[in-house]
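Undergrad: here's a sequence, model it:
(chains A and B)
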Amino acid sequence: MSRIGVFVCHCGENISRTVDVEQVAKAAGEIPGVAFSCDYKYMCSDPGQTLLKKAVAEHKLDGVLVAACSPRMHEKTFRKAAEAAGLNPYLCEMANIREHCSWVHEDRDMATAKAKDIVKLMVERVRKGKSLAPITVPVTKRALVIGGGIAGIQAALDIADAGHRVVLVEREPSIGGHMAQLSETFPTLDCSQCIMTPKMVDVANHPNITLFTYSEIEKVDGYIGNFQVTVKHKARSVDESKCTGCGICMTKCPKKKIPNEFDQGHGMRPAIYVPFPQAVPNTPVIDRENCTMFQSGKCGVCAKVCGPGAVDYEQQDTFTVEDVGAIVVATGFKLYTIDRKPEGSPIQGYGEFGYGTIPDIIDGMTFERLASASGPTGGKILRPSDGKEPKQVVFIQCVGSRAREKGISYCSKVCCMYTAKHTMLYHHKVHDGQAYVFFMDARTPGKGYDEFWRRAVEEEEAVYIRGMVSRMYQRGDKIVVMGSDIQVGVQVEIEADLVVLATAVQPQDGADLLAQKLGISYDKYNFYSEAHAKLKPVECATAGIYLAGACQGPKDIPDTVSQASAAAAKVMTLFAKDKLERDPVVAKVNEKYCVGCFACKKVCAYGAIEEKEIRDRQGNLVKKVAYVNPGVCGGCGTCQATCPSKSIELDGYTDEQIMAMIEAL
Amino acid sequence: MNAKANKNQVTCIEPDYYQAITEAIRKEAVKILKDETVVGVVGYLPGRRKGTASPALVTTVEEAEKLIFSPACVNNLSVYLTKAKKGVLKQGKVGIVAKGCDMRALAGLMTESQLQREDLFIIGVVCPGVYGFGVERTGTLTEANIARKCRECTVHMPEGADVAAGTHAELADLTPEEAQEMARIEAMPQAERWAFWKEHFSRCIRCMACRQVCPFCYCEQCLCDKNRPQAVESSPRPAGNMAWHLVRAMHLAGRCGGCAECERVCPMDIPLNLLNRRMAQELKELYDFEAGLTPVDKGPLNEYKENDDQSFIK
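TA: Residues are numbered from 1 along each chain as shown, chains lettered A, B, ... in the order given. As a prediction, the model looks like this:
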C-alpha cells in the first residue's frame, strides 16, 4: 500500500473562494493509499513548504500531491521541496485546481466536486509514478553564429569575449550585413560604418572566432550541446591563405561594369571584387557568372597580375563539419520590392507604382547608399535616371507593410524612424529641396525617437502628409504622386523628382529552407518563431538554438544588438556547465516489443528518434528498433500516441498512469 | 473506363487463362531459383482437395515446377514476409507471387519499414479475380462465384512488380455488392447503424483470425494482448468485442490495402471489409490518399500540414 500525502492549497482566496478546500482535503484523506492530507493557505510559501517536508518525514510518505495551481507555476517549487525531504522529485505531482477549476467555475458545490475528482485521479498518477533521474548530456563549448550582420557580429563577439570559441558563418563575401550599407543612423545621426567597421575588424582579429565568409549551412545534425553542422565553403576562386588584399586584381580586371549589390545596383564593380572597401575579410571573390575567364576561358588577367599567386580558377566548393553546442541564428532581413510577384505568391507587388519600372522610384536602402559618403555618388543626393539633384522628394511609408491587401499585415518598425532620418539627410545636403512624407502613423517608441521625429517635422522642414498614395506615374522627367491628405480631406498631387519608398522588412530569401535544416519553426512570413513571445524571446522551441535580430521580426539596430547580446548570454548560460541536465520526462522504447515500423520517427517533431540495430552475439542483425535520444526528446508524447503496439512510453506519463487516472473517475 | 480496357472485359474467365499464368509463374520461379537470385519463392501449391490451393514456400526447382495459380489462390501471401512468420526473409532475398491486392500490402509494408524492396523479387499476377466463399470451386470464374472484394477491384494490374504474369482481363458488368452494402449502412439512422455493428460484433468469438491473417498486424505484442495496463478486455464479451473491432479498424485506417483476408477468415461472418473500406473512404475524402498504391515516406495520418482539415475541432 502506498503512503501518499495530499496538500490542498487555498491560494489565498484564489481557490478557496469557489472550492471548499477543507472538504477536498478530507475526501483526499479517504482515498486508499493516502496516508496524510491537509489544507493550507499558501502551500508555496516557506511555512507551506516546511509543512510538506515535515509531513514527508513524519508520515513516511512515498509520494506527494499538491492540489494548487498549474504545474507550470510551481511544479519546480514543490519538487524541490520534496527532494529536500528526501523523496525523488518526480514522485511529487500537482493537481491543478486553480486554472482548471476555481478560476473557471462559479458554483461552489460543483467546483468542489470537480476539485475532488481532479485530486482523485492525480493520486492515481502519483501512485503509479516512478523515480526518475535527470538526464545529463555533454556540452560542446563552441557556438555557431549564422549571419554576419550586426546581430551575428555582436553575438559572436560577446560569446568569444566570454572565452568560448565561435564559428561565424556569412553567406556573402564580407561580414557587415545591412548595417554596413547604411549612411547615418537614427536617432543620433552617427556614421554607421564608423561604428560598424571596428566591430568587423574585432571579429576578424578575435582569437576565439573562426570566420567563414562566402559560406552557407548545408546540413545540421545533432541536438543541444552536440550539434554537427556541415558548412559549405563556396569557391572564392581566390586562395585566402595567399591573398594579401592588395587589390591589384580589382583594378586590372577588364570587366568593370557590373552593378554593385552593395550599392543596390547603382555603383559598378569588377568581376573580381570585394563588396566594399572596408570588407572583412579583405579577400576578393570572383563572380563566376560575370567573369570572362569562367564564361569564355579567355582572360586570366587577375591571375597574371596577382603577386602571391592567390587566384585559383580551379577552386571547388568545400565542406567542413563543425562540432558546436549552441547555434545563434542571425540571418537578418531583405527589403520588399514593389515588383510584380510570381503567380500564386501570397504577397503582391504595386502595379499602381509601376511595379518598379520607374527609375526614380527607389527604396530606402538605395537612398542610404546615395546619402553615404562611400556610396556611388560620393554622398551627393543625385537621382538615378539623369544624375540631377532632386528638388522635390516624396517619401512614402508603409509600402508593403501594414498592407493586408498586399499580403503583409505587420508593421516593419524601422521605417518611421529612417524616413524621418532621410528627410533630415536630404535637408542637410540639398538646402533648397523640399521633402514630403506620406504616412499612416508615426510610430516612434524608443529612447530619443519621438524627439528625433519632431525635429524632422519642426526644425528640418519635412512636410508630413497623413494619407496614402494611390498612384504614381512618370510625366516628362517628373513623377506624379497622387495621394490623399486625410486630415484636411483633400486629394494631393505632387510632381516629384525622386520618390523614396519605405518598403517592408522581410526575412532573407531561403529563411524557410534554413529553418528546415535547423528544425526550428517559422511563421507565415518566414520570420523565425521564438519559444515564447514574452518570456522566451530569444530561444527557439528547439533546444540549443537562439535567435538574434531581424530574422525573428523587424528590428532596429539597438533592439538587434540587445537581442544578440541576450542570445549570447543564453549561450553562455548553456556553456556554464560541463554537462547539461535535462528533465527526464522523455520517451523510452520497449525494445522487446518494438517492431520497427518507425511511425514514431515519422511523427517526431524533434527528430529525437533514431533507428537502432539489435544484434545477437554473433553479430547477426536480429531486428531494428526505435531509439529515443534523451538529449533531443522534447517529451511531447506524440510518439506514444502513434505507436500501434504501445511500445514507446513517456516517463511520467506512462499508459499505466493515464489509464489509472481514467479509471479513477 | 477506356476503350482498351473495355476490350478486355469478358463474361467469364476460362481455366486456360489461369493455366497460362501458372506456366509463367513456374518459368519465372525456376529461373530465379536456378540463378540464385532468390533463396525461395512464396507461392501457391495445389491443395489436397480439388479446387483448393495452399500457400507454400518453395526452395527447389522441383517444387517450383509445381506452383500454380487458380481462382482458389485467395490468400494474401505478403503476410508470410512479416514479423509474424519471420523465418522467411532471414535467409536472403525471396520471390513472392502477388496479386494486385497483395501488392498493396507489400507497398504498405515497405512504407512501414517492414520490408525492403531490394529483398524481394515480385512475380506480379494480372488477376481477374478469385473465388468467393461458399461457392462452387470448379471451372470458369463467373459473376456467380467471384469474391465480393474482386467485384470492385481497381488493381488488376500488379503495379511495381519485377515481372507480370498474365494479360489484362476482367469480368464485365459485376454488381458492386460491397459498395451497395456500404451505401445501405450509410443511409441508416445512427442508432440503427450502431445496432447493426453491435449485432455483428456480439457474435465475435475473439479467435483473432482476422489479426493473424492481416499483413498489417505485424506487431510482436498486440496492444490488445497487453495487460498492464489493459486497453482491451480480452474475453469475448460485448464491450471488449466492440473495443477490439474499433481498434482494429482504426489501426488499419490509411494502411489497409483491401485484400479482405480478415473477412474471408472470419468464422462468424462479420463483414469486416466494410469497416476497412469505410476508413479508406474517409482517408480518400479527407486527404485524397489511397493506401498501398506505392510505397510512401509517410502516410497522411503520420503527417501534420498547416492546411490540414481542422473542421473536426469544434
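
Undergrad: the helices in the stretch 101-250 of chain B, which residues?
TA: Taking DSSP state H, counting those that start in this stretch as the criterion, the stretch 101-250 of chain B carries its helices at B:177-187, B:190-202, B:209-213, B:238-252.

Undergrad: mind checking which of the ones you listed is nearest residue A:422?
TA: Between residue A:422 and those, the tightest spacing by Cβ to Cβ is seen for helix B:238-252, at 62.3 Å. In short, each C-beta sits where N, CA and C put it, glycine included.

Undergrad: ok, back up a step: which one of the helices of the stretch 101-250 of chain B lies nearest to residue A:565?
TA: When the helices of the stretch 101-250 of chain B are ranked by distance to residue A:565, counting by Cβ to Cβ, first place goes to helix B:238-252 at 51.2 Å.

Undergrad: I'd like the average pLDDT over that closest one.
TA: For helix B:238-252, mean pLDDT is 94.

Undergrad: and it with chain A, contact?
TA: Yes: Helix B:238-252 comes into contact with chain A (Cβ under 8 Å from any Cβ of the partner chain), by way of residue B:251.

Undergrad: sorry, back to before: can you redo the helices of the stretch 101-250 of chain B as JSON lines with distance to residue A:233?
TA: Formatted as JSON lines, those follow (distance: least, Cβ to Cβ, whole Å):
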{"stretch": "helix B:177-187", "distance to residue A:233": "60"}
{"stretch": "helix B:190-202", "distance to residue A:233": "64"}
{"stretch": "helix B:209-213", "distance to residue A:233": "55"}
{"stretch": "helix B:238-252", "distance to residue A:233": "49"}
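
Undergrad: redo these as a markdown table? Include mean neighbour count.
TA: As requested, the helices of the stretch 101-250 of chain B are arranged in a markdown table below (neighbours: other Cβ atoms under 10 Å in any protein chain shown):
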| stretch | mean neighbour count |
| --- | --- |
| helix B:177-187 | 13 |
| helix B:190-202 | 13 |
| helix B:209-213 | 18 |
| helix B:238-252 | 18 |
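
Undergrad: which bits of the stretch 501-650 of chain A sit near chain B?
TA: Proximity of the stretch 501-650 of chain A to chain B is assessed by Cβ under 8 Å from any Cβ, with A:592-593, A:595-599, A:602-603, A:623-624, A:642, A:644-647 identified as the residues in range.

Undergrad: number of residues surrounding the closest residue to chain A within the stretch 51-200 of chain B?
TA: Among all residues of the stretch 51-200 of chain B, residue B:112 sits closest to chain A, at 4.3 Å; criterion: Cβ to the nearest Cβ. Applying other Cβ atoms under 10 Å in any protein chain shown, we find 23 residues neighbouring residue B:112.

Undergrad: pretty sure it is touching residue A:597, no?
TA: Yes: between residue B:112 and residue A:597 there is a contact at 4.3 Å, judged by Cβ atoms under 8 Å.

Undergrad: contact partners for residue A:162?
TA: A:568, A:572, A:575 (Cβ atoms under 8 Å, 6 or more residues apart in numbering or on different chains).

Undergrad: one more time with 7 Å, if that's ok
TA: Residues near residue A:162 by Cβ atoms under 7 Å, 6 or more residues apart in numbering or on different chains: residue A:572.
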